[in-house]
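# Sequence and predicted structure are below.
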Amino acid sequence: MIRLHVAVDCRNILGEGPMWNTQEQCLYWVDAFAPAIHRLDPASGAHCSWPMPADIGSFVFLPDGRLIGGMRSGFNLIDLANNSVTPLINPVASDERLMLNDGKCDRAGRYWCGSVHSDFVGRQAALFRLDGNLHCQRMDDGFSIANGIAFSPDDKTLYFSDTRAETVYAYDFDLAKGEVANRRVFFRTDDIEGRIDGATVDSDGNYWCALVHGGAIACIDPTGHLIQRIELPIKHPTMCTFGGPKLDTLYVTSASALQTAEQQPHYPLAGALFAIEDSGARGLPEPFFSTNFEKG
């Protein structure tokens, strides 16, 4: 029997990017538009946050405890212990309405990160790859909202969703070279409630994703079939990730900003962080960014 509870009643404007840190046994996530990084220690219940100087869509961990964040100002080195944010490289500097959005590391330690246009103008979103030497390469483009990045357990498939296009794509993925090819449709949301936002993959290769506007988490098997839907007491979940000592707790961020005035009284927990127990699934450890640039 699946159990659902509120992990932190944080009322985020746009909670996003939950990531379990296996070194610290803590969960990190962001509030994208009241920009901050949050951390929960489930063992103690301690919750803390650090304000950020710009909107932030995602981040990845460095082995030394620092982070790299994908922000409106590009990729930044974030040192929470010293409250510092240092610009690294900005692949979207040509348009201030573009910002980096969903992202995570592959198992070679590269940061894959998509972008989004704040006004959803055209199909200007792209998929980028940031390498350890801080070289950034555009890997694909022509999207509306880049989301749902995840890697199959065998490292042969990269998943990527274009939320407004109602589509999750799968690419052939070459881990050794860091290359993608053969983009194809993996799943579409035309016939279900909600659109794919952030996602993760479990140890069996199933793709778990937040159905923003749909109030649920969906589980899609490796063949592209919906096999489970978990309803939530909110309308706008944004991303999910596995955490906990056994990586069997599914944490879910959510947004309060996306609610209509009519929805607000019916979903008082909008913006909270949720935890789902006893789903029967286990996640995989999130890789850390593998860097060869000098410590700042």
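Nice, I can see it.

# show me where pLDDT drops low in the stretch 1-150 of the chain?
Scanning the stretch 1-150 of the chain for pLDDT under 70 picks out no residues.

# Could you give the number of residues near the residue lying closest to residue 14 once chain neighbours are set aside?
Leaving aside its chain neighbours, residue 14 sits nearest to residue 32 (4.2 Å; criterion: CB to CB, 6 or more residues apart in numbering). To be clear about C-beta, it is placed using only N, CA and C from the backbone, and glycine gets the same treatment. If you count neighbours by other CB atoms under 10 Å, residue 32 ends up with 27.

# Quick check: residue 32 vs residue 201, distance?
To residue 201, residue 32 is 22 Å away according to CB to CB, to the nearest Å.

# same check, this time on residue 24
Residue 24 is 22 Å from residue 201, by CB to CB.

# More neighbours: which of the two?
A count of neighbours by other CB under 10 Å puts residue 201 above the other of residue 24 and residue 201, at 22 against 12.

# So what touches the helix or strand where that one lies?
Element membership for residue 201, per DSSP states H and E: strand 195-201. Residues from elsewhere that reach strand 195-201 (CB atoms under 8 Å, 6 or more residues apart in numbering): 16-18, 102, 147-153, 159, 161, 163-164, 166-168, 187, 189, 207-214, 218, 237-242, 253, 283-284.

# same question for it, mean pLDDT?
In this model, strand 195-201 has an average pLDDT of 97.

# now do stretch 227-235
Averaged across stretch 227-235, the pLDDT comes to 97.

# For stretch 108-123, C-alpha coordinates in PDB please.
Provided in PDB are the C-alpha atoms of stretch 108-123 (Å, rounded to 0.1, in the frame of the first residue of the first chain):
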ATOM      1  CA  ALA A 108      30.500  10.100 -16.600                       C
ATOM      2  CA  GLY A 109      29.900  13.200 -14.600                       C
ATOM      3  CA  ARG A 110      28.700  15.600 -17.400                       C
ATOM      4  CA  TYR A 111      25.900  18.000 -16.600                       C
ATOM      5  CA  TRP A 112      23.000  17.800 -19.100                       C
ATOM      6  CA  CYS A 113      20.700  20.800 -18.900                       C
ATOM      7  CA  GLY A 114      17.900  22.200 -20.900                       C
ATOM      8  CA  SER A 115      16.600  25.700 -21.300                       C
ATOM      9  CA  VAL A 116      13.300  27.500 -21.400                       C
ATOM     10  CA  HIS A 117      12.100  30.900 -22.600                       C
ATOM     11  CA  SER A 118      10.200  32.700 -19.800                       C
ATOM     12  CA  ASP A 119       7.500  33.900 -22.300                       C
ATOM     13  CA  PHE A 120       7.400  30.500 -24.200                       C
ATOM     14  CA  VAL A 121       8.200  32.400 -27.400                       C
ATOM     15  CA  GLY A 122       8.900  30.100 -30.400                       C
ATOM     16  CA  ARG A 123      10.800  26.900 -30.000                       C
END
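
# Make 789 the first number, not 1, from now on.
Okay, residue one is now 789; in that scheme the one you just asked about reads as stretch 896-911.

# now that stretch: how far from the chain's centre is it?
11 Å (CA atoms, centre = their mean, to the nearest Å).

# Please point out which parts of it sit buried.
For stretch 896-911, the neighbour count (16 or more other CB atoms under 10 Å) marks 897, 898, 899, 900, 901, 902, 903, 904, 905 as buried.

# which residues does the third one contact?
If you count contacts by CB under 8 Å, 6+ apart, residue 899 has them with 848, 856, 858, 863, 891, 892, 893, 917, 918, 1077.

# ok but the first one is inside a helix, no?
No - the assignment for residue 848 (DSSP: H, G, I helix; E, B strand; the rest coil) gives strand, which keeps it out of a helix.

# distance of it from residue 819?
Note on residue 848: its distance to residue 819, by CB to CB, is 17 Å.

# the more surrounded of those two?
Counting neighbours by other CB under 10 Å for residue 848 and for residue 819 shows that residue 819 has the greater number, 27 against 24.
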